[in-house]
Structures are given as C-alpha cells and as structure tokens.
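1. sequence-free structure coming up:
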C-alpha cells in the first residue's frame, strides 16, 4: 500500500513540476540579451598598402609584411603576417589590442632574386603610417576598426 501511495505521489509531483517548468518558458520580449563575459578587449586592424621598388617604382610581389607591436623593452610581438601580390598590393585583416600605439609594419623579401631582385628589409612605425580609427557603436569587446594604410618603397639589398 505504501508503495502505491508513493508511486502516485511521484507521478502527480512530476506532472506538476513539468507543467511549472514549461510555463516559465513563455515570452522573452522584456528580457535583455546577456552581456558577454570572459572576453578580452580587441579591435580589428585592416592593413592595406603598396610595396614598390625605390629605384623604379615598380610593384614588388612576394614581400612579407608583418604587423607587430613594439614593447617598452624594445622587443616586438607579432600578431599577423601578410604578403604582397603581383601588383605589390597588401590587403589584410587581424585582431589585436585596441590601440594604435607602437604599431610597426616590417617588410622582408623572402623570395630572393625572384620578383625584381633582393630587397633590403625595412620598417614603418606608427608615426609613418596613416591610421584611422572608427569606433564600434555597440558596447562590447570589439572596440572598432583601425584602418592602416601605407606606401613603402624598398631599396635593393646591398645599396
């Protein structure tokens, strides 16, 4: 007898609790979206520009452009790498800490004598770049977009 009463009680309790649970899944129009948590601030960096030979102004293909930051101790940390195309154009996108402070673009010829000869490595720092910031109107982890544009003329190696 005790077992039957207990079984009946469990069945009724289960039915009531499931109905209460389903009724709480009603309308959501007054509930705000949850805020993101455990993210880190970042911004999008859109890097565009042209790499040309200093002596002829011809575009250079195959130049690696490294987007990096210089820290207080003089070291650098790299966040992205792009490569120039046949027209010498660079077009890349990366995400990093939202600041234009200490940005560097480092240029390196990795294909040797191909594509116009061996070119000497060079660097452009933030003061030499055109940087435009467009803030993200939404409040969140992405603070906006930094548009970085450049034109770099590389000298031949050994000159």
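-> Yep, it's here. All of these numbers come straight from a predicted model, not from anything done at the bench.

2. going forward, measure contacts between C-alpha atoms and count neighbours the same way
-> Will do.

3. partner residues bridging the residue nearest the centre of the chain?
-> The chain has residue 95 as the residue nearest its centroid, 1.6 Å off, counting by Cα atoms, centre = their mean. Assessed by DSSP bridges, residue 95 has beta-bridge partners residue 44.

4. ranges for the strands of this protein?
-> 42-53, 63-70, 76-83, 89-96, 103-109, 122-125, 130-135, 142-154 (DSSP state E).

5. Contacts only, for the nearest residue to residue 119 once chain neighbours are set aside.
-> What sits nearest to residue 119 in space, not counting adjacent residues and going by Cα to Cα, 6 or more residues apart in numbering, is residue 156, at 4.2 Å. Residue 156 makes contact with 53, 54, 117, 118, 119, 120 under the criterion Cα atoms under 8 Å, 6 or more residues apart in numbering.

6. again, but for residue 80
-> Contacts of residue 80 (Cα under 8 Å, 6+ apart): 66, 67, 68, 94.

7. one step back: check the residue nearest to the centre of the chain and give its pLDDT.
-> At residue 95, the model reports a pLDDT of 87.

8. For it, which residues are in contact?
-> Taking Cα under 8 Å, 6+ apart, we find residue 95 in contact with 42, 43, 44, 45, 79.

9. Ok, residue 92 next?
-> 46, 47, 48, 82.

10. what ranges of the protein fall below the confidence cut-off?
-> Where the chain drops to pLDDT under 70, the residues are 20-38, 78, 115, 159.

11. Enumerate every residue touching the closest residue to residue 152 other than its chain neighbours.
-> Nearest non-adjacent residue to residue 152, counting by Cα to Cα, 6+ apart: residue 51, 4.9 Å away. Going by Cα under 8 Å, 6+ apart, residue 51 touches 59, 60, 61, 63, 84, 88, 89, 90, 151, 152, 153, 154.

12. would CSV of those with neighbour count be doable?
-> Putting the contacts of residue 51 into CSV (neighbours: other Cα atoms under 10 Å) gives the following:
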residue, neighbour count
59, 21
60, 24
61, 22
63, 25
84, 23
88, 20
89, 20
90, 23
151, 17
152, 19
153, 18
154, 24
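
13. need these in a markdown table with distance to residue 143, can you?
-> Formatted as a markdown table, the contacts of residue 51 follow (distance: Cα to Cα, whole Å):
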| residue | distance to residue 143 |
| --- | --- |
| 59 | 34 |
| 60 | 34 |
| 61 | 33 |
| 63 | 30 |
| 84 | 28 |
| 88 | 30 |
| 89 | 27 |
| 90 | 24 |
| 151 | 26 |
| 152 | 28 |
| 153 | 32 |
| 154 | 33 |
